[in-house]
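# Quick one, fold the following:
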Amino acid sequence: MKDQLIRVLTRDGSLRGLAAVTTSLAEESRRRQNADPTAALALGRLVTGAALMGGLLKGDQRLNLTIEGNGPLMRMSAETDAQGRVRATVKNPHPNLPLKDGRLDVVGAVGKAGFLHVTKDLGLREPYRGTVHLVSSEIGEDLAYYLTTSEQVPSAVSLGAYVETDGSVGAAGGFIIQAMPGGDESRIALLEERLRNMPAVTSLLREGLDANAILERLLIDIPFDVKQTSDLIFRCTCNRRQVGRMLAGLDTQEVDELVEEKEPIQVTCEFCKEVYTFTPDEIRAIRP
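Numbering: from 1, shown residues only. Below you'll find the predicted structure:
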């Protein structure tokens, strides 16, 4: 099942829904970050949340979700654009936490205190920035809290990832359901109750359900139409020219000393882990 996002609208106009399969995206993020199973699970949820919110972007708009907690993961970020191109990073990919009640301890890895930061580049003079305290550190509930309080759009959110015994991501995906202006907000509470009685989203994915089928299960008595279908892929925006410009802007004694010692400089992208190597002569040519 390929990674894909769909956006739907109920025929009465009261609810908007987005659902995504992100298995390959979450696994690629895990592989590039060399994340252990707990970090892979947390990163998979965050990547899914970013992909879903990217479904509301247009044109050249971009979005970043960053979680900073007091747990051993420390900080993790996921970025996306309107074309479904996503990348992610985690500060500490090896929290090395024991199981809690037989399950991977995402809450312990994130930490019980911290913040969710949302940054949107909407093509305006300044990007939009919103921040909320973490309410559960489960990531899905934290994103729902942000959407409901900061953007004032009542939302139900489910994000999930399943990690295989070999540490790889075997399934990942999720959905967001939002009450539209003028719609019946009580439906969100009804859907949240339905969510509590539904299998986990990763269980549905492992049964073979795609994004559309998952929404059909959730909105079983509410007719809807699919408004958008798009593919999701891992793609990093870094490149050699961009890294060169960054080096050219550095005014540090350390860089100058490396150049004088004729030592090459290596820069590693925090998202894709691509390594860019610059010789002293190349650095002299780009630095003012």
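
# OK, contacts around Ser137?
69, 71, 106-107, 110-112, 114 (Cβ atoms under 8 Å, 6 or more residues apart in numbering). C-beta: built from backbone N, CA, C; applies to glycine.

# how far away is it from Arg245?
Ser137 sits 37 Å away from Arg245, taking Cβ to Cβ, to the nearest Å as the criterion.

# Could you do Thr119 as well?
21 Å.

# Looking at the two, which has the bigger crowd around it?
Between Thr119 and Arg245, Thr119 has the larger neighbour count (other Cβ atoms under 10 Å), namely 16 against 11.

# which residues touch that one?
Taking Cβ under 8 Å, 6+ apart, one finds 63-64, 66, 127-129 in contact with Thr119.

# And the buried ones among those, selectable in ChimeraX?
Applying 16 or more other Cβ atoms under 10 Å to the contacts of Thr119, the buried members can be selected in ChimeraX as follows:
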select :63,64,66
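
# Nearest to Leu204 among the contacts of Thr119?
Of all the contacts of Thr119, Leu63 has the smallest distance to Leu204: 25.5 Å, by Cβ to Cβ.

# That closest one belongs to a strand, doesn't it?
Yes: under DSSP: H, G, I helix; E, B strand; the rest coil, Leu63 sits within a strand.

# So that it lines up with my notes, have the first residue be 256 from now on.
Renumbered: residue one is now 256, and that last one reads Leu318.

# Please name the bridge partners of it.
Leu318 has these beta-bridge partners by DSSP bridges: Thr335, Lys375.

# Could you report the separation of it from Val341?
From Leu318 to Val341 the distance is 10 Å (Cβ to Cβ).

# okay, and the common contacts of these two?
305, 309, 334-335.

# State the helix or strand in which Ile322 lies.
Element membership for Ile322 (DSSP states H and E) is strand 317-324.

# Find the helix or strand that Glu283 is a member of.
Counting by DSSP H and E, Glu283 is part of helix 278-288.

# Let me fix that, I meant to ask about Arg271.
Judged by DSSP H and E, Arg271 forms part of strand 270-276.

# Can you report how many residues lie near Arg266?
By other Cβ under 10 Å, 11 other residues sit near Arg266.

# Just give the closest residue to it, not the sequence neighbours.
Counting by Cβ to Cβ, 6 or more residues apart in numbering, Arg266 lies nearest to Pro478, which is 4.6 Å off, once chain neighbours are set aside.

# returning to that earlier point: which of the contacts of Ser392 count as buried?
324, 326, 361-362, 365-366, 369.

# In CSV, list those residues along with pLDDT and secondary structure.
Below are the buried ones among the contacts of Ser392 laid out as CSV (pLDDT from 0 to 100; DSSP: H, G, I helix; E, B strand; the rest coil):
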residue, pLDDT, secondary structure
Gly324, 98, strand
Gly326, 98, coil
Val361, 97, helix
Val362, 97, helix
Val365, 98, helix
Gly366, 97, coil
Gly369, 98, strand
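
# Can you convert these into CSV and add a column each for distance to Gln433?
What follows is the buried ones among the contacts of Ser392, written out as CSV (distance: Cβ to Cβ, whole Å):
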residue, distance to Gln433
Gly324, 25
Gly326, 29
Val361, 24
Val362, 25
Val365, 24
Gly366, 28
Gly369, 24
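
# how about the residues you listed, which pair is most distant?
Largest pairwise distance in the buried ones among the contacts of Ser392, by Cβ to Cβ, is 12.8 Å, between Val361 and Gly369.
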